[in-house]
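**Student:** Here you go, sequence then predicted model.
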Amino acid sequence: MTEIHLTGRAASPGLAIGPVTVLMGIVESRRVSGDPAQETVALKAAVEGAAADLAKLIKAEQGEAADILEFQVAMLGDDALAEGAFDAIATGIPADQAWRSVLNAEIAGYRSAEDEYFRARVADLMDIRDRVLERLNGSENSSAISGGSIVASDEISPSAFLAADWRRGGAIVLAAGSSSSHVAMLARARGTPMVVGVGPLSWDGRPPALALVDGDAGTVIFDPEPETKRQFEQRMKTAHAAHALADADRAKPALTADGRRITLLLNIAAPEELTNLDPAICDGIGLVRTEFLFEASQALPDEETQFAVYRRILDWAQGRPVTIRTLDAGGDKPIAGLTIDGESNPFLGLRGIRLSLLRPEAFRLQLRALARAAVHGPLKVMLPMVTIPSELDRAREFLDAEIAALRAKGIACARPLLGIMVEVPAAALRAEDFDAGFYSIGSNDLTQYTMAAARDNGMVADLNDTGNPAVLALITRAVEAGRARGVEVSLCGDAAADIRLTKALLATGLTSLSVSPVAIGRLKATIATVKT
Ligand code: PEP
Ligand code: MG
């Protein structure tokens, strides 16, 4: 057996070693029988099959991981959970839809629970939901990913990524894929190494047993020779020691080599990411992507549920500022029933604030929940995809109206600072024209729109480069506008965590960056080496 070396593009940093899991492809859509009796049998079989899969996994696990899986098996065995789905099937609803909506309602309830114990179970319920759905869909996708394995595949969907457990290590190697995709973003947020664009993965029927993944260099070695493996393990040891050192300094303020204080904020995609995290590691929260609210519900969760979640994030931050972004649906984040189907180019269509202004019901509800949460801490509300000043003005009118309505009813509320994402070149070029309370640069979108290179297309990944002078010039432009208007400018796109870009970003005059929690230690250590 000779070792196989592949070179692709680095999509999420870090080193990993582990057994290889080859995924057979994305979940196919299911053929519905139309007969409630058959759908009932299909759901029963899927629930039993998912429980059997879990039982197999438990045998390979110990301690906390085994406890988590035991809990999931117990949930699957609870007839009360499936009862609602069987009732829905009896009314003619297909098995997968019935299961999904019952589990989504359950997840929404757990997510807004007062008790931390229940909130911490949200990920387990999501896992159970997806395992059963995959069984129903006849796919062996994410349920085949056991902790610590190196997943090799053509592509992987965000839900398959989320359904797998990455806490025990592992990595992703994709034949295609893009480092700007949402899966790559999730991998970076979870600290899972990922390499994309390694080219066709073909093994002549004998998939490799072991892989070494270098998410910094973008390389993969399948079936390494013993000496190659030994050297790689040595590198991993050194890298772990360096990380431990950087993490030990996570609570210290970020200072450049010449003593300039840089504000470091957190990006979160779901409030669960804050569990067990010390707020002292950051200066606040720079971006909450509220699209997570849709993971657990087909429709936007009601005002109470949203209020509870927003308040929980503010409570966690203990007086530090929290920036929550209003729903950024559309583009590569379609939401059934809300976004527009069949747009010829969704990235240039109705997304973000454009959709919120066109269909303001969900927007108004979110603004109400946000204005109520603002009573409990320094909340900032951020609008995505703003292109022209009148969009901000109209959004402010909606906020004013909701605050007035709440006050008229005697409901406690406060006015959050209203700001915009600068992620469209038109907004970056004319940032001073916007009456915004703050700017946050969305480098992911700003890069794709400036370079005309889609963030989810691996074929143009080389062009999708935030370090390109044209993108850096737009960032500088926005920083200068913020300075002239005396408002804060931060950068919350993925470039903020890319330590190869730290020097160039600080050179634009930026003094505030927002990154996922796992990136904080490494970024502080890098900032300490930069002279501004
Ligand atoms: C961005 O575009 O940089 C950003 C932070 O928003 P998202 O990645 O959610 O589009
Ligand atoms: Mg964006």
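**Tutor:** Thanks, I have it. Ligands and ions are numbered 1, 2, ... in the order given.
**Student:** Report the contact partners of the residue of the stretch 151-300 of the chain found nearest ligand 2.
**Tutor:** Proximity to ligand 2, evaluated over the stretch 151-300 of the chain using C-beta to the ion, is greatest for Arg289 at 9.0 Å. Just so you know, the C-beta spots here come from the backbone N, C-alpha and C atoms, and that holds for glycine as well. For Arg289, the contact set (C-beta atoms under 8 Å, 6 or more residues apart in numbering) comprises 267-269, 325, 328.
**Student:** which helices and strands does the longest helix anywhere in the chain pack with?
**Tutor:** In the chain, taking DSSP state H as the definition, the longest helix is helix 36-60. Judged by 3 or more C-beta pairs under 8 Å, 6 or more residues apart in numbering; DSSP states H and E, the packing partners of helix 36-60 are helix 63-76, helix 79-90, helix 95-111, helix 122-136.
**Student:** and it, how far out from the chain's middle?
**Tutor:** Taking C-alpha atoms, centre = their mean, to the nearest Å, one finds helix 36-60 lying 28 Å from the centre of the chain it belongs to.
**Student:** begin at 16 from here
**Tutor:** Got it, the first residue is 16 from now on, which makes the last one we talked about helix 51-75.
**Student:** returning to what we had before: out of the helices and strands packed on helix 51-75, which is the most enclosed?
**Tutor:** helix 137-151 (a mean of 23; mean count of other C-beta atoms under 10 Å).
**Student:** how much does it deviate in direction from helix 51-75?
**Tutor:** 120 degrees (axes from the mean of the first three to the mean of the last three C-alpha atoms, to 10 degrees).
**Student:** tell me the contacts of the closest residue to Ala191 other than its chain neighbours?
**Tutor:** Counting by C-beta to C-beta, 6 or more residues apart in numbering, the nearest residue to Ala191 once its immediate chain neighbours are dropped is Gly473, at 5.3 Å. Shown here is Gly473, whose contacts under the criterion C-beta under 8 Å, 6+ apart are 24, 191-193, 211-212.
**Student:** from those residues, which is closest to Ala386?
**Tutor:** Proximity of those to Ala386, judged by C-beta to C-beta, is greatest for Ser193, which lies at 37.2 Å.
**Student:** Nearest spatial neighbour of Ile296, chain-adjacent residues omitted?
**Tutor:** With sequence-adjacent residues excluded and distances taken as C-beta to C-beta, 6+ apart, Ile296 is closest to Arg265, at 4.4 Å.
**Student:** Quick check: phi and psi at that neighbour.
**Tutor:** When read as degrees, to the nearest 10, the backbone of Arg265 gives phi -60, psi -30.
**Student:** and Leu394, what does it touch?
**Tutor:** 325, 329, 336-339, 385, 388, 429, 431-432.
**Student:** Which of those residues fall in strands?
**Tutor:** Where the contacts of Leu394 overlap with strands, as defined by DSSP state E, the overlap consists of 337-339, 432.
**Student:** Show me which residues of the stretch 366-515 of the chain sit near ligand 2.
**Tutor:** Residues of the stretch 366-515 of the chain that fall close to ligand 2, judged by C-beta under 5 Å from the ion: 438, 457, 460.
**Student:** Please look at the first one and Cys507 and confirm they touch.
**Tutor:** Right, the one you point to is Glu438. No: in this structure, Glu438 is not within contact of Cys507 by C-beta atoms under 8 Å, at 9.4 Å.
**Student:** Now the common contact residues for the two.
**Tutor:** 456-458.
**Student:** ok, what's across the strand from Phe237?
**Tutor:** In this structure, Phe237 has beta-bridge partners Ile19, Ala226, where bridges are defined by DSSP bridges.
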